[in-house]
Structure formats: C-alpha cells, structure tokens
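Enquirer: Okay, here's the prediction I keep looking at, along with the sequence it came from:
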Amino acid sequence: MAGLTQHTALLIVQLDTGPDIRDITAELERIIRESGIREGTLAATVVGSTGSLTTIEYEPGVVADLKDAVERLAPRGAVYAHEEAWHDGNGHSHVQAALLGPSLHLPVREGCLRLGTWQQVVVINHDNRSRRRPIEVTVAGVR
C-alpha cells in the first residue's frame, strides 16, 4: 500500500474591487499535477476576512447572478456595526465573505479535481478595494 503524502502551495490572485470573481480551476489543477498525487483531497483557503471560495458554473450569466445575490444578502451602503468602529466602508464585505466561507475541500481522482462538467472553483474579493488574495493550497493523498 502506498504511503500518504502531502504537497503545499501558495496561489496569489489579483482581484478588482468586489465583488470580483475569478476562476482558479486551472491553477489548482496545475498544483495537483506538480504534487504528483493521484488520489486524495485538495484543501484551499483564501487568507483574509473579505475573500471567499466556492464553486459555480463560471459563465457570465451565473457570475452576474452570484454578484447580484451577494449584494442582496449584504448590500453595500446598509448600516453595519463594523462601520461604527472602523469607518472603512467594508462592513458588507466581511458579511458577504462569511456567508460564502473561506475554504473548500475537493476530491482528487486520477490526478485531477473531481468536479462536475460545468463546475469551476472561484475566488471572490468582496472588499471595497482591489486585493491581492493569497490562497493556501494543500493536496494530500497517494501518488
């Protein structure tokens, strides 16, 4: 039986003012190839309290729908207690990111992410300014 191994990587993504959504599926697939792991799990976490990770069908309509939905859930310009303390205009950003969450665990099968035909991994910047988002990635499994 093959022993378990793990590979770590840091992915940096430049994102515009939020909500900005970018497909990172190809970069995650590259990290899996570099790891040499054939069967296992990929864990990814965006570092920062105003960023999130999720999966969607990355096409313009769904991207626009997701942007609209997060804006409806936690609209910019609403009253947030965070603003009372920090006055930085991004209370909505923290709430939006918390609702979607910072991390994902995805299966790796035969050296590839196991995703649906129309499913891609995306990183989202919710902040009211552009951000350079670090994403910590760990691939664990067998070669």
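Expert: Here it is on my side, so go on. Numbers count the residues shown, from 1 in each chain.

Enquirer: Run a quick neighbour tally on V70.
Expert: 23 (other C-beta atoms under 10 Å). Bear in mind the C-beta positions are built from the backbone N, C-alpha and C, glycine included.

Enquirer: residue ranges of the helices in this protein, please?
Expert: With helices called from DSSP state H, the chain shows them at 25-35, 60-73, 81-86, 91-100.

Enquirer: where are the low-confidence patches of this protein?
Expert: Regions of the chain meeting the criterion pLDDT under 70 cover residues 1.

Enquirer: follow-up on the earlier one: can you tell me which of the helices of the chain is packed in deepest?
Expert: helix 91-100 (a mean of 21; mean count of other C-beta atoms under 10 Å).

Enquirer: just the CA coordinates of that one, formatted as PDB?
Expert: Extracted in PDB, the C-alpha atoms of helix 91-100 (Å, rounded to 0.1, in the frame of the first residue of the first chain):
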ATOM      1  CA  GLY A  91     -18.800  46.000   6.600                       C
ATOM      2  CA  HIS A  92     -20.800  44.400   3.800                       C
ATOM      3  CA  SER A  93     -17.500  42.800   2.600                       C
ATOM      4  CA  HIS A  94     -17.000  40.900   5.800                       C
ATOM      5  CA  VAL A  95     -20.600  39.700   5.900                       C
ATOM      6  CA  GLN A  96     -20.600  38.600   2.300                       C
ATOM      7  CA  ALA A  97     -17.300  36.600   2.700                       C
ATOM      8  CA  ALA A  98     -18.500  35.000   5.900                       C
ATOM      9  CA  LEU A  99     -21.800  33.800   4.200                       C
ATOM     10  CA  LEU A 100     -19.900  32.100   1.400                       C
END
